[in-house]
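Student: Based on what follows, work out the 3D shape:
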Amino acid sequence: MSEPPSTRPARSTDRRTLLERIVEFVSPGPDSKDELIKTLADAEQRELIEPESRAMLEGVLRMADLTAGDVMVAAPRMDLLDIDAAYEELLHVVIDTAHSRFPVYEGQRENVIGILMAKDLLKLQRAPELNLRTLLRPAVFVPESKRLNELLRDFRSNRNHLAIVIDEFGNTAGLITIEDVLEEIVGEIEDEFDDQQRDNGIYTLADGAQRVAGDVPIDAVNRAFGTQLPDDDFDTIGGLVAHELGRVPRRGESTLVGGLRFTVMITRGGAVRWFRVERAPEAEATSDGGDVD
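Tutor: So this is what the prediction gives:
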């Protein structure tokens, strides 16, 4: 014989205190992501959270709406290695770009066959009989539509630091690194070189070129290169270069200003973070017209 149904009201699973429920009723939580971001900004103003914490939380929220295609380095600006190139040529590219990993292609740039660690290139110097193909690591391919939060999870689980981004037709659209993804959360991740000459934001690269921060004063660049770039209307070198171009240059772009070639290394937040700067050849400098590669 079945027991009659209990008339006792079901016990609530809501373990919040009465005060917590009253507070929520009087001041309901945000209903959208934009409202949540405004709430975080208000919490910062009331000194409930630190500015760095607020920026990081905002980065996490915004990252959920971004895809690999939004953050990737576009294919034309990818630094690639040719599997058939001579060792000296490969070494020059590695030193010049200062990356730790490089996609390697065969025949056409579209045909990426693997990833080479820069440190593995040293093995060829000690053992020239080695075949470069034996040093390649498998390339990881992801679609442009891949969400950044999913990509970060894949990077962590697979211990990959770089992925090739492909478009809907299977063509190479660009590349993305784990650093690119993390920087959307925490801001720019500076490497060990960024501590060098931090006071003036200018230091020498291995090949003799200079790495110059976008917020370096123009007069500091003039002193370093012996130039006479105008500083009447702009304070920073990034502002001057953007003015000469009529827009903020994109990563990998180059332009001539005052006999110097400025190549964008890193951009962040709609501004150039780092330039590679070198003196332009005399013939190139005399035709200085703000050209863009």
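Student: Buried residues in the host helix or strand of residue 115, which are they?
Tutor: When elements are assigned from DSSP states H and E, residue 115 belongs to strand 112-117. When burial is assessed from 16 or more other Cβ atoms under 10 Å, strand 112-117 yields the following buried residues: 112, 114-117. Backbone N, C-alpha and C define where each C-beta goes, glycine included.
Student: The stretch 151-293 of the chain: strands as residue ranges?
Tutor: In the stretch 151-293 of the chain, the strands defined using DSSP state E, counting those that start in this stretch lie at 162-166, 172-177, 202-204, 210-213, 254-257, 260-268, 271-279.
Student: The ones you listed: lowest mean pLDDT?
Tutor: Summarising mean pLDDT across those, the least confident stretch is strand 202-204, with a mean of 80.
Student: Run the chain-centre distance for that one.
Tutor: Taking Cα atoms, centre = their mean, to the nearest Å, one finds strand 202-204 lying 21 Å from the centre of the chain it belongs to.
Student: What residues of it count as buried?
Tutor: Taking 16+ other Cβ under 10 Å as the basis for neighbour counts, the residues of strand 202-204 that come out buried are 202-203.
Student: partners of that strand in the sheet?
Tutor: strand 210-213 (antiparallel) (DSSP bridges).
Student: Convert the C-alpha atoms of the strand it pairs with to CSV, please.
Tutor: Taking only C-alpha atoms (Å, rounded to 0.1, in the frame of the first residue of the first chain), the coordinates of strand 210-213 have been written out as CSV:
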residue,chain,number,x,y,z
GLN,A,210,66.8,49.0,-32.6
ARG,A,211,63.7,48.0,-30.8
VAL,A,212,61.8,51.1,-29.9
ALA,A,213,58.6,51.4,-27.8
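Student: Look up which residues are beta-bridged to residue 114.
Tutor: The bridge-partner assignment for residue 114, based on DSSP bridges, gives residue 104.
Student: Settle this for me: it is touching residue 140, isn't it.
Tutor: No. Taking contact to mean Cβ atoms under 8 Å, the distance of 10.5 Å between residue 114 and residue 140 leaves them out of contact.
Student: so who does the residue nearest to residue 210 when sequence neighbours are not counted touch?
Tutor: Ranked by Cβ to Cβ, 6 or more residues apart in numbering and with sequence neighbours excluded, the top spatial neighbour of residue 210 is residue 277, at 4.7 Å. Taking Cβ atoms under 8 Å, 6 or more residues apart in numbering as the definition of contact, the neighbours of residue 277 are 209-212, 221, 225, 260-263.
Student: out of these, which are buried?
Tutor: For those, burial is judged from neighbour counts taken by 16+ other Cβ under 10 Å, and it is met by 209-212, 221, 225, 260-263.
Student: closest to residue 107 out of the strands of the stretch 151-293 of the chain?
Tutor: Closest to residue 107 of these is strand 172-177 (Cβ to Cβ; 12.8 Å).
Student: could you say what helices and strands that closest one packs with?
Tutor: Based on contacts counted as 3 or more Cβ pairs under 8 Å, 6 or more residues apart in numbering; DSSP states H and E, the elements that strand 172-177 packs against are helix 68-71, strand 73-74, strand 162-166.
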